[in-house]
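> can't give you the sequence, but here's the structure:
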């Protein structure tokens, strides 16, 4: 099942960082749906590198070519396959790493599993998320056609937190936070870490708006499991929580329970500590999740490692291009992963509801 | 895919809280493996209700009957199917709830999806985890036969935290913590919440010891995604993190990266902030995860809800039996889910390594 | 994936011939569907042994007990699990076979794969089709609620063929053929083979009536592949063809092509050599398939085999109860397999059509 | 699951006849395997069009470009994705068909399902088998590295049959039969049909040599079901049988059973009427199957059809390029499908055997 996910939809990512291209094959999308290439390109641009001093200087146009599944801009029922060519590859940056695993990267585990360290992270590279964003960007558009929107923000970078509630899209902002003053502090922290040859992590909050009640399934088919399985597919993600999450474990039941009430003739909950999911199924409130992104493992500071061939300790200094904080570019990736999982669950739920 | 999970292994839970039984069907277990019924029963006992003043007074023997897959105590290659009869069912406790959803439970979402509120939570009930523990208890034994062990503890209840590092099993303790004094404080907190008609949540830490490096896959086949998908199948789980998790997002890369070193001729990392997983693949260090369990939604305090048929606000008072804190009984459930996911990944990884 | 099949629906058969029970777990059936137990029982009776001199004298009531998935007679969205107890087990009949594989049976391959010959065929036994018929019998009812019916007949036994076209159900007949005189000759042939200590095979024709055009998918999702994968799950099936099948390979294109015409305002084909399937998708005409069932491998005549432990040739004489011709009892099994595959494809197709 | 197949391996075909390319994504192939591009190209050439007066004059180089999964000629553990560009597309040949379905083609069912008739058959086109042959050609090489070979032949064309037993490869022959005189008669028959503006069908025999005993599973995991599901993915296939197949239904059990004997210290069967499969599992003898290929539906003769937009009968004359008999080019496709299914089952079986 390597690299694949989903039930009604099924997504496979392929390619590698320093190979000819990365890409994806997505099956199960209904025929007859319109996909706007402009919108997709705008979405991909949010993830693309090289746009600010906060991110790697590697530049990729990230323009997907569709090999299958779209006739013009309409889905035709065949599997959707798209590739993004790797145009700015500099494998020479990675040459000296061939037998020395970078701490915090997949180099060592790749070596154990596949027998070698792949240049630039290979199929483990963050670049694979460009392909994820093609799939997720399509799902986002198809969800929007159903009145469902996904918004997100950087909730924290290191110790610096955003303020305010996430109520509308931050996608148009160069630094996607609710409160720009908080965002300014985060950016300062990133630049300081960069200056120190170091890196920062952070958290991302993501919300799904407009999802009707009744989507999802009990137990292993629940929305939490579906969404987390997709989000953990993003390299560097180390935690996922829904609603009040870890903080909610410090509340009492009487505080954490969301009371039901009628508002404008509709059943809603007064609070949304459950993150819009009860028993794995959507309540009709917004889905709410937080994602932990670890500090970028590539840092310029010297680090201890091992030469795997000589079995000797070495001090490693990484000189390739890298982001001092991956969190800003991970924001659209979280949206993409969530969009995939939610659209998959929605398709499944439609099937049941129709049938009855 | 309702209720099913896994790739090489495939697990389906069936039944419901107040029906004749709960059970599971597990495919993909190799033939010729020995399963000790005594060990399995001892494991199930850790989850079973009615053992202490901290848990529901519902009593169930929780003895699985195997309908398929075992010839004597040896797996025979057929799907393993086991059922646990529901012997202490009192549906009358739940009668008055039939059109009033309990806050924090799946009643409302079940009503939307299936058209009715099932007595005792139906297929959403915590009782379904008895079936999960049968499957997971088998996987635990098969992992142990490979030298892989899973240990866990209550890491916190409400604001009360355990101290000390999780190094060995707490399974023999009536209250599974590392530091019993800390455990005492947690139990006091639970009793206080119970006395107040309220409930508490908490967190569980789980470690997988002895897993060799190289198990897992990149991207969607990664261990984080596999394990979290299984753990989120446990009702009441709202968050899963690996290694330094959410706290690790506040560290710098130079602090969070795990440096490689040679110890006794083996490659290890000095720290284990990555939770034993890099690029979705095991590093050879222990797997380390934390799980957030929400406060039990069933509380005795009056709560606002809606009569779904009359579309009127009502005040609800829950009188059925329930745990003031589900965390202690969720500990073996987390082990079971982790054991299933890890054994599944291990089987897949063996295939590849042999083949080469 | 051992023992499992399906995409939207997913069916797992479990148990074994001489164990406590056989059974099945079926996921993906929509909630709120009514299943008549009387109808299901009547369907199972068509497969049950011991009803005529033509079949084994083993008698089984074949009454399924539902452990999950039905609340009363209505599907409740949980996986459907049912078991049929094995009540008339005589393992002593099989004792002398423990190291000598019966020709034509799975004894030898079971020995190689699982290390032993299972009494009575174990999980390879024709008895497993009782569980298949529970799943298929449910699917048949749910298809009928959509106006889709499945009919079938014995098309041949040995060299004796049925005459006439299969236009209506033969389910009420003790020997399910279109032309009873032909059926009489078949039965004589079976009795003669039985008297000679020998056995016969035959073919079964099955038709699906009322399936709308547009169900199925291209390539690997096609109806032929879906149906054949289910039908080959029936032990003793060695061939499956659709429409003109193997005979159609002797026609020219101009003879085999089905010309389109308008009839009562609807598009139909003049002939149905394609068996109601073009490009893997239903044409709106009836689905038409033929199934080859091999002669029962259990015969009373002495046969050469090998004692696997002594690695010596032995002459084997089988004394257990067995059918001289399994074809009559395989008829409902083919219907069950086809019903499962068609209902699975129909559910998938509904999803797409609604969505658009 | 549209367009996908397999369990440990998973294959998705994408693209369409007159789009930019056809291609495939194949997951689950172990890392570290060598694939010879020359061998693969030689295999693809056997399927490619335009090589003889017996086939369509459409010419395609059919050179796959690998976008992922191979580093040099070695599998690297990432999904294998390859595309073949469509270089000789003449959509103008198909223009006049846009609302008139060709008899025997998927045009009508595509119209019902997807709302339009795709030029050249779209994703239903025989051209999709070029992508299948890339996947199957890789599997063939990996099987050969394990000592397993697949051979096949044209067994019949129309009423003309091949003679002799299939014992060795016919792959080097321009017309792949065992007996060239028989092949000559077949070719004459094809030329006559072509001259008459008509077409012929035929049957293909395929054998898998060297597969060890014990591969496959009972019931739905059986080799017959796995292989047939893959083979029915080839457009124009309408029947699949194993061993004595439909003819075997006319034998008695005493004639059809394969008796066990010891030969050179190994257990074999005297005959192989079961086609090398008992209980879904390989016996260690060769796997033997026959495949029915319908006469090419594209013929030059006028045929009755319907203008779907005007809902009027029309007479259709097809002028595009097409094969008067697709059977010769289907031979490598059957090998490819069988290779995929067998390698998938072998990987699964290895996993189990190792583990024990």
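Looks like it came in fine. Computed from a predicted model, the values in this text were never measured in an experiment.
> and the strands in the stretch 1-150 of chain A, which stretches?
For the stretch 1-150 of chain A, strands defined by DSSP state E, counting those that start in this stretch occupy the ranges A:4-5, A:10-15, A:21-27, A:65-68, A:70-71, A:74-75, A:80-85, A:149-157.
> any chance of these in CSV, plus mean neighbour count, distance to residue B:318 and mean pLDDT?
All C-beta spots, glycine's among them, are computed from the backbone N, C-alpha and C. Putting the strands of the stretch 1-150 of chain A into CSV (neighbours: other Cβ atoms under 10 Å in any protein chain shown; distance: least, Cβ to Cβ, whole Å; pLDDT from 0 to 100) gives the following:
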stretch, mean neighbour count, distance to residue B:318, mean pLDDT
strand A:4-5, 25, 38, 94
strand A:10-15, 28, 41, 96
strand A:21-27, 28, 45, 96
strand A:65-68, 22, 54, 95
strand A:70-71, 20, 52, 91
strand A:74-75, 18, 48, 93
strand A:80-85, 24, 48, 96
strand A:149-157, 24, 34, 98
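> would you turn the ones you listed into TSV with distance to residue A:114?
Output for these, formatted as TSV (distance: least, Cβ to Cβ, whole Å):
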stretch	distance to residue A:114
strand A:4-5	18
strand A:10-15	15
strand A:21-27	17
strand A:65-68	26
strand A:70-71	33
strand A:74-75	35
strand A:80-85	22
strand A:149-157	33
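> three-state assignment of the closest residue to residue A:8 other than its chain neighbours?
Leaving aside its chain neighbours, residue A:8 sits nearest to residue A:347 (4.4 Å; criterion: Cβ to Cβ, 6 or more residues apart in numbering or on different chains). Following DSSP: H, G, I helix; E, B strand; the rest coil, the label given to residue A:347 is helix.
> count the neighbours of residue A:142 for me.
Residue A:142: 20 surrounding residues under other Cβ atoms under 10 Å in any protein chain shown.
> which residues touch it?
A:29, A:33, A:35, A:343 (Cβ atoms under 8 Å, 6 or more residues apart in numbering or on different chains).
> which of those residues tops the neighbour count?
Top of these by neighbour count (other Cβ under 10 Å): residue A:29, with 28 neighbours.
> low-scoring pLDDT stretches of chain A, where are they?
Low-confidence segments of chain A (pLDDT under 70): A:1-2, A:50-60, A:88-97, A:321, A:351-356.
> just checking: what are the partner strands of the host helix or strand of residue A:204?
Using DSSP states H and E, residue A:204 maps to strand A:202-209. In the sheet, strand A:202-209 lines up against strand A:149-157 (antiparallel), strand A:287-293 (antiparallel) (DSSP bridges).
> returning to that earlier point: next, work out how far apart the residue nearest to residue A:8 and residue A:7 are.
Using Cβ to Cβ, to the nearest Å, we find residue A:347 at a distance of 9 Å from residue A:7.
> what is in contact with these two at once?
Contacts common to residue A:347 and residue A:7, judged by Cβ under 8 Å, 6+ apart, are absent.
> right, so of the strands of the stretch 1-150 of chain A, which gets closest to residue B:230?
For residue B:230, the closest of the strands of the stretch 1-150 of chain A is strand A:4-5, at 14.5 Å, according to Cβ to Cβ.
> out of the strands paired with strand A:202-209, which is closest to residue D:157?
strand A:149-157 (56.9 Å).
> report the distance from the closest one to the chain centre.
How far strand A:149-157 lies from its chain's middle: 11 Å, per Cα atoms, centre = their mean, to the nearest Å.
> likewise stretch A:158-170?
17 Å.
> same list (the strands paired with strand A:202-209) but as CSV, adding distance to residue C:335.
Listed next are the strands paired with strand A:202-209 as CSV, based on distance: least, Cβ to Cβ, whole Å:
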stretch, distance to residue C:335
strand A:149-157, 46
strand A:287-293, 43
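> the residue nearest to residue A:8 touches residue A:10, doesn't it?
No. Here residue A:347 lies out of contact with residue A:10, judged by Cβ atoms under 8 Å, at a distance of 11.2 Å.
> give me the common contacts of these two.
Joint contacts of residue A:347 and residue A:10 (Cβ under 8 Å, 6+ apart) are residue A:28.
> so which of the strands of the stretch 1-150 of chain A comes closest to residue C:290?
strand A:21-27 (31.1 Å).
> measure how the closest one sits relative to strand D:80-85, angle-wise.
Using axes from the mean of the first three to the mean of the last three Cα atoms, to 10 degrees, the inter-axis angle of strand A:21-27 relative to strand D:80-85 is 90 degrees.
> list the contacts of residue A:220.
Contacts for residue A:220 (Cβ under 8 Å, 6+ apart) come out as B:1, B:3, B:4, B:5, B:11, B:13, B:229, B:230, B:233.
> tell me how far it lies from residue B:107.
20 Å.
> same thing with residue A:251?
Residue A:251 is 20 Å from residue B:107, by Cβ to Cβ.
> what's the answer for residue A:168, then?
32 Å.
> kindly report the same for residue A:256.
Residue A:256 is 16 Å from residue B:107, by Cβ to Cβ.
> count of neighbours near the closest residue to residue A:271 other than its chain neighbours?
Leaving out its chain neighbours, the residue that sits closest to residue A:271 by Cβ to Cβ, 6+ apart is residue A:258, at 4.8 Å. Counted with other Cβ under 10 Å, the neighbours of residue A:258 add up to 24.
> pretty sure residue A:258 is touching residue A:274, no?
Yes. Using Cβ under 8 Å, residue A:258 is in contact with residue A:274, at 5.5 Å.
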